[in-house]
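*Asks:* What follows is a predicted protein model with its sequence.
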Amino acid sequence: MPWKVVDGPDVPHSHLPFSPAIHAGPFVFVSGQASVDATGKIISDTFEGEMRRSLENVQKVLAAAGLGFKDVVRVTSYLGRQDDLAEYNRVYREFFSEPYPARSTLMGCLGTLLKFEVDVVAYRGE
């Protein structure tokens, strides 16, 4: 198989059918991370709390691949409400710095269980 699953003891796991991340060629594709604990149980919080927990989960997955936020080249974020956009951009700058990764942000698409979810693509190199 030309790709492998990224996993580790600190990586949150879900009961849903997906891998935490896939390392394929020079890239690591991190699955959507939400405000969940290590077993995949949703932890409801404020928007900021859910965003921070989600990004901390991304950080755990990236670390299992030997990477960090500086290696992220693409971010796709999902916000439950458009009203959270300003807070999203404020917190985002705490995790990502210039030059910022390419980014897409979708709003109003999460239903009622989550306020935030994010997936990323990181460049690992050869």
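*Replies:* Yep, that arrived.
*Asks:* Assign M51 to helix, strand or coil.
*Replies:* helix (DSSP: H, G, I helix; E, B strand; the rest coil).
*Asks:* What separation do you get for the residue nearest to it when sequence neighbours are not counted and S44?
*Replies:* Setting aside the residues directly before and after it, M51 is nearest to F116 in space (C-beta to C-beta, 6 or more residues apart in numbering), at 4.5 Å. Where C-beta positions appear, they are placed from N, C-alpha and C, glycine not excepted. Distance, F116 to S44, by C-beta to C-beta, to the nearest Å: 11 Å.
*Asks:* Next: F29.
*Replies:* The gap separating F29 from S44 is 27 Å, by C-beta to C-beta.
*Asks:* just L85 next, same as before
*Replies:* 20 Å.
*Asks:* contacting residues around the closest residue in space to D10 that isn't next to it in sequence?
*Replies:* Nearest non-adjacent residue to D10, counting by C-beta to C-beta, 6+ apart: K60, 4.7 Å away. Residues near K60 by C-beta atoms under 8 Å, 6 or more residues apart in numbering: 8, 10-12.
*Asks:* What's the mean pLDDT across the host helix or strand of R74?
*Replies:* Element membership for R74, per DSSP states H and E: strand 72-79. The predicted model assigns strand 72-79 a mean pLDDT of 98.
*Asks:* again with stretch 11-30
*Replies:* On average, stretch 11-30 scores 92.
*Asks:* So what touches stretch 94-113?
*Replies:* Under C-beta under 8 Å, 6+ apart, the answer for stretch 94-113 is 42, 55, 59, 69-70, 72-82, 85, 88, 116-117, 120.
*Asks:* Could I have the buried ones of those as PyMOL selection syntax?
*Replies:* Here is the PyMOL command that selects only those of the contacts of stretch 94-113 that count as buried (16 or more other C-beta atoms under 10 Å):
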select buried, resi 55+59+69+72+74+75+77+78+79+80+88+116+117+120
